[in-house]
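*Asks:* my questions are about this predicted structure, shown below with the sequence.
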Amino acid sequence: MSKINVEALTTFADGSQLFVSTLYGGEGRFSCGLYVFRPGEKNGQDLRAVSDLIDAATCRQAQALAYHQARNLYPQAAPGMKEPPYLIWSGPNLPLAPGFRGRRTNRR
């Protein structure tokens, strides 16, 4: 089962945004991709991939490679780009066991 998240790296002068997606594919496989989101007038919005998926053995490596690719693709925006680490989705909040509901630990 895979998990995916996106985080904005920068906003361009025209209002469009550059996003990085981080995908955990399981078994130690991580991928990142770069996307540009442009608010549109007729169709409402436009989302386009601007890179292939970048694979790495760790999440941090994949995000660092995506960040460097983003800086190469958009050098004029590089100084304002958000650096890794980026958002990592931990999955849905699973219900706690009945014995743990409402308990606080290590709080004084």
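*Replies:* Great, that's in hand. Not measured: the values here are computed from a predicted model.

*Asks:* so where do the helices sit in the chain?
*Replies:* 59-73 (DSSP state H).

*Asks:* which parts of it are strands?
*Replies:* 3-11, 17-26, 29-39, 45-49, 54-56 (DSSP state E).

*Asks:* of those strands, which is nearest Lys82?
*Replies:* Set against Lys82 and scored by Cβ to Cβ, the strands of the chain come closest in strand 3-11, at 5.1 Å. Where C-beta positions appear, they are placed from N, C-alpha and C, glycine not excepted.

*Asks:* ok so, going back, got a markdown table for the strands of the chain, with mean neighbour count and distance to Leu65 too?
*Replies:* As requested, the strands of the chain are arranged in a markdown table below (neighbours: other Cβ atoms under 10 Å; distance: least, Cβ to Cβ, whole Å):
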| stretch | mean neighbour count | distance to Leu65 |
| --- | --- | --- |
| strand 3-11 | 16 | 13 |
| strand 17-26 | 19 | 10 |
| strand 29-39 | 18 | 7 |
| strand 45-49 | 11 | 16 |
| strand 54-56 | 17 | 5 |
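
*Asks:* wait, which of those is closest to Gln76?
*Replies:* Among the strands of the chain, the nearest to Gln76 by Cβ to Cβ is strand 3-11 (10.1 Å).
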